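Visitor: Return atomic coordinates for the entry below.
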Amino acid sequence: MYWIMLQEKALNLFKDIKVKALNAAKRFEELKANERKLRKEAAKQETAKIEQKNHKMEEEKLKKLEEDR
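Guide: Next comes the predicted model:
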């Protein structure tokens, strides 16, 4: 009888550990997904900034060419 109780406690303990590990893995994946999302957004903003800078430089070149004529 005592052995059965120990087995049940051990099984419950393993189940608790498994649930905690699964929850931790889920949180870790959510953090990674959030980090990817933030990096992607930062890259989009950086690309937009570079494109705007390039556009401005092209406009300045065109103005300079028109002035030189």
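
Visitor: Retrieve the pLDDT associated with Val19.
Guide: You'll see Val19 listed with a pLDDT of 96.

Visitor: Check which helix or strand it maps to.
Guide: Assigned by DSSP states H and E, Val19 belongs to helix 2-68.

Visitor: And that helix, how far out from the chain middle?
Guide: 0 Å (Cα atoms, centre = their mean, to the nearest Å).

Visitor: For that helix, which helices and strands make contact with it?
Guide: Here helix 2-68 touches no other helix or strand, going by 3 or more Cβ pairs under 8 Å, 6 or more residues apart in numbering; DSSP states H and E. C-betas here are computed from N, CA, C, even on glycine.

Visitor: any low-confidence regions in the chain?
Guide: Across the chain, nothing is flagged by pLDDT under 70.

Visitor: one more time with 80
Guide: Across the chain, the ranges flagged by pLDDT under 80 are 1-2, 69.

Visitor: Enumerate every residue touching Leu6.
Guide: With Cβ atoms under 8 Å, 6 or more residues apart in numbering as the criterion, no residue contacts Leu6.

Visitor: Look at Lys63 and say how many residues are nearby.
Guide: By other Cβ atoms under 10 Å, 10 other residues sit near Lys63.

Visitor: Could you report the distance from it to Tyr2?
Guide: The gap separating Lys63 from Tyr2 is 91 Å, by Cβ to Cβ, to the nearest Å.

Visitor: can you check Lys53 too?
Guide: 76 Å.

Visitor: higher neighbour count, those two?
Guide: Lys53 (10 against 6).

Visitor: Glu46 - how many residues pack around it?
Guide: 10.
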